[in-house]
Structure formats: structure tokens, C-alpha cells
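[1] Build me a structure from this.
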Amino acid sequence: AKNVRVPVRGTDGHVLGVDSAETAGVKWAAASGGGGSGGNWVLISATTISGSPTTVDFTFSGSYRKYRLELEDVQNSTAGYSLRAQTSTDGGSTFVNSSGAYGYGYGPIGTYGPVSTNGTYMELTPATPIGASGIGIWGEIDVYAPLVATTRFHMRWSLFGRYWPSSPAAANMVNGAGLRDSVDDVDTIRLFFATGSFSGGKIRLFGWTE
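    Okay, the predicted model is just below:
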């Protein structure tokens, strides 16, 4: 046995692990969630919404198997709206919005929601189930292997918030799934509302590493 000094390298959250290919026998790397057999979410970016943007874009980077957008109190400037998404293959220069480009389906718990097979976007929520002026959307949107050019883009979501037409206050959840109906290397996703603009909240982008 011998003592070897290993300098700190990498980024915050990295751990020291065994690697027989290294001269010292160890190296710094992202945590694997338990002995290399599991995985963990790595924070890529955190966007605090300010001003009144009509769209918010996120670019997928790295070699992660899947990505997650975590919505925290994401608000719209109007009292009634639906959250929608489109995708890009050129870093956000253009977004596909042609008829038949997307399919999606969703539903509030206990009811059957709309399904579309010829959308120009993916609709994540209807206009009235969650949210109001000053009340935001919470939850997760998971995207699967978007950078793999041999598969279709798929994503699913679980979003929740205050059911604003009700009095007294109640909560509701929307679960759904969507796809881009073509085999492409999707590198950017855009979120936008049917009407109005973003007026607050935070969205974090994570990548799942194994």
C-alpha cells in the first residue's frame, strides 16, 4: 500500500471512486447513486422566470438517458390558459409546428382528457384545470432519449396545482404523454402558453446519469 495525493477536480457533487485505469487507482466522477448500479439526477440549469417572456426554451446537452423539467409555481399572465410544447433539431433556430407533427393525450384525475394525433404542438394542460393569475403550475416533465436520432421523441408529464374555478379552493392533477411523430435528433424544447405570457416561477433542467 502507498499514500497517493489526489487533487480535487471536477464539479461540486462529484465523488472519489475506484478506477483501475487510473495511475492512482481512483478518480473523481459524478455520483452514481449507489455503487455504480443505480443512477441520479444531475442539475443542468435552473431558470428563474422574469419579465414577461412568451416562450421558454431548454437545450438538451450531454449524454444523459433522459431529462426532466421540474416546474415550480410557473405562472401565466392570464387567468385561463393551456401549457404547450414544441421541439427543435437545430438548437432552437426553428421549431416544428406543421400539422401532424405531434400527438398527445392527457387527462385530469377522474376524467378523460383530449387526445390529438395531428397537432402542431403538444398540449400539456387544458385551459382551466390548474392555475390562475398569481397561481402557478407545479410538477415534472420527463423527456426520453431526445438526442438519439434513430427514435421518436417521447415525453410524459405529471402536473398539478390549484383548480382555480372551484370555490372553496381545490387541487387537481394532469397526467399526460406526447410524441414528435418523426425520427429526429431533438436538441431543444420550447414551452409556451396558448394565450398570455410567463409571469413567474422557476424551471430546473436535470439529466439522468447511470
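[2] Y102 touches D181, doesn't it?
    Yes: the criterion here is C-beta atoms under 8 Å, and Y102 meets it with D181 at 6.6 Å. For glycine as for every other residue, the C-beta is placed from the backbone atoms N, C-alpha and C.
[3] Settle it for me: which of the two has more neighbours?
    More crowded of Y102 and D181, by other C-beta atoms under 10 Å: Y102, with 26 against 16.
[4] wait, isn't A177 in contact with Y144?
    No: judged on C-beta under 8 Å, A177 makes no contact with Y144 at a distance of 10.2 Å.
[5] Against A177, how distant is the residue most central in space within the chain?
    Among the residues of the chain, the one closest to the centroid is L69, at 2.4 Å (C-alpha atoms, centre = their mean). Distance of L69 to A177, given as C-beta to C-beta, to the nearest Å: 14 Å.
[6] repeat for Y102
    11 Å.
[7] List the residues that contact the residue nearest to the centre of the chain.
    58, 140-141, 143, 189, 191, 203-205 (C-beta atoms under 8 Å, 6 or more residues apart in numbering).
[8] next one: R204
    Contacts of R204 by C-beta under 8 Å, 6+ apart are 43, 45-47, 69-70, 72.
[9] From W138, how far out is it?
    12 Å.
[10] any residues in contact with both of the two?
    With C-beta under 8 Å, 6+ apart, R204 and W138 have common neighbours E72.
[11] Endpoint to endpoint, stretch 40-56 covers what distance?
    Taking C-alpha to C-alpha, to the nearest Å, stretch 40-56 runs 25 Å from one end to the other.
[12] Now do the buried residues in stretch 73-86.
    By 16 or more other C-beta atoms under 10 Å, the buried positions in stretch 73-86 come out as 74-86.
[13] which among those gets closest to G39?
    A85 (24.7 Å; C-beta to C-beta).
[14] Please look at the closest one and A177 and confirm they touch.
    No: contact criterion C-beta under 8 Å: A85 and A177 do not qualify, at 11.9 Å.
[15] Thanks a lot, see you next time.
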